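Asks: dropping the sequence and predicted coords here.
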Amino acid sequence: MKAKIFITTYAVILSTMFAITSTSIPISFGLKMIEEKQKSVANGLIAINGLSLGLQKGQVFGLLGPNGAGKTTTINVLSYDPFLDAPPRGETYIGGINLMENPKRVFPYLGLLPQFDVLWTDITTLDNIYVFAKIKGLSNQQTLAASDALITRLELQTHKNKRLDALSGGNRKRASVVVTFLTTPRCVLIDEPSSGIDPIGRRKLMELIHERKHNATMILTTHSMEEAENLCSKVGIMMNGELQCYNTCLAIKNKYGSGFRLEIDLLKDKIKSSSDLHMVIDKITKFLKEKCNSKCYLSNHVGIKLLYLFPPINQMLPYLFELLEKEKSKLLINEYSISQPTLDQVFNSLCKKNSTANNSQP
């Protein structure tokens, strides 16, 4: 009973501090950052350097990058984190409101799913939900309706009356998702949503984001290229605090990808020795260079599996398919596939180039 009274009192105090009310939503909603810079006092490095972007309602923007690129710092700036090493320089507008000048006006429209949960571990899942519902200004009836629907959807029914410290990391993350989407936030910041969640929970979270994205502007950071391609209308790759590229996944793969890949699986029963294998590889390589493109090359081979890389010449594809179908038996080809470089391969290539450039600097 004392715990319940404490939670209720604490929720009322927090809701008063943040002054969240049911003010009207701006007609035109989106997010804009203008020349945002954030310096880390601890090591003197620029964590975010000249980041400028504009996002509209209904858009999911995926922020990709290696560890230390500045993704989480960007989320912290956008959520007005009071524990940043130094105040950011620049302007951020959420729903037309300047975040740095009027953060309390922005809070009612903001939803945040941090990388690490910020829930209280010594109270139950439902108690945590109740506290944050009060902070968001929900009535008891609204809290019950919204939380029951989300708890059922994320399969937390058996854990809702357990203390947070008794839950696994994945179930804690699900509880944080419930807190984030209790209301209908117009700007949602999601920091590595799938970290620590099992495949079923990840799928349910992706479905929830797909459902809610139409009435919100969303930014998510992730290391999962599959997640970025499935969820994001546009992505940006961030390195050393700077945005290196910004476009759709397909446009980025077309611009930064290395053409297309030809994977070949040879007829195993026709190759009796390693010398036979090398002869077949040389024959296929010569054939492809003469008939298709002199710039193609054998990138890798493991046993009877070969990988050739071609420059980005899309007009060649129909001719290549026709040629391989005609000559596959002569070349001892069992099966083959042609594909575009994946976003993961493009990301790794950009990271490698950036690392090489940094190492070459004096």
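Replies: Done, it's in. Numbering: from 1, shown residues only.
Asks: show me the chain divided up by domain.
Replies: For the chain, automatic domain parsing gives the domain ranges 2-255, 258-339.
Asks: deepest in the core, which of those domains is it.
Replies: domain 2-255 (a mean of 18; mean count of other C-beta atoms under 10 Å). All C-beta atoms are positioned from the backbone trio N, CA, C, and that covers glycine.
Asks: for the spatially most central residue of the chain, give me the pLDDT.
Replies: Centroid check for the chain by C-alpha atoms, centre = their mean gives residue 222 as the closest residue, at 3.1 Å. Predicted confidence (pLDDT) for residue 222: 89.
Asks: out of the domains of the chain, nearest to residue 352?
Replies: Smallest distance to residue 352 across the domains of the chain (C-beta to C-beta): 10.6 Å, for domain 2-255.
Asks: mean pLDDT lowest for which of the domains of the chain?
Replies: Among these, domain 2-255 scores lowest, at a mean of 79.
Asks: follow-up on the earlier one: settle this for me: the residue nearest to the centre of the chain is touching residue 60, isn't it.
Replies: No. Judged on C-beta atoms under 8 Å, residue 222 makes no contact with residue 60 at a distance of 10.9 Å.
Asks: re the thing from before, residue contacts, the residue nearest to the centre of the chain?
Replies: By C-beta atoms under 8 Å, 6 or more residues apart in numbering, the contact set of residue 222 is 62, 63, 64, 192, 193, 194, 228.
Asks: so of those, which ones are in strands?
Replies: Per DSSP state E, strands hold the following members of those: 62, 63, 64.
Asks: could you verify my assumption that the last one touches residue 235?
Replies: Going back to what we said before, that points to residue 64. Yes. Using C-beta under 8 Å, residue 64 is in contact with residue 235, at 5.8 Å.
Asks: now for the two: what residues contact both?
Replies: residue 228.
Asks: any chance of the domains of the chain in JSON lines, plus distance to residue 350?
Replies: Formatted as JSON lines, these follow (distance: least, C-beta to C-beta, whole Å):
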{"stretch": "domain 2-255", "distance to residue 350": "6"}
{"stretch": "domain 258-339", "distance to residue 350": "11"}
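Asks: so which of these is nearest residue 347?
Replies: Taking the domains of the chain one by one with C-beta to C-beta, domain 2-255 is closest: 6.2 Å.
Asks: just checking, residue 150 is part of a strand?
Replies: No. Counting by DSSP: H, G, I helix; E, B strand; the rest coil, residue 150 is not part of a strand but helix.
Asks: show me where the stretch 1-150 of the chain has its strands.
Replies: 30-39, 46-56, 60-64, 89-94, 97-98, 110-113 (DSSP state E, counting those that start in this stretch).
Asks: so which of these gets nearest residue 349?
Replies: strand 60-64 (12.9 Å).
Asks: for the closest one, name the packing helices and strands.
Replies: helix 71-78, strand 217-221, helix 225-231, strand 234-239 (3 or more C-beta pairs under 8 Å, 6 or more residues apart in numbering; DSSP states H and E).
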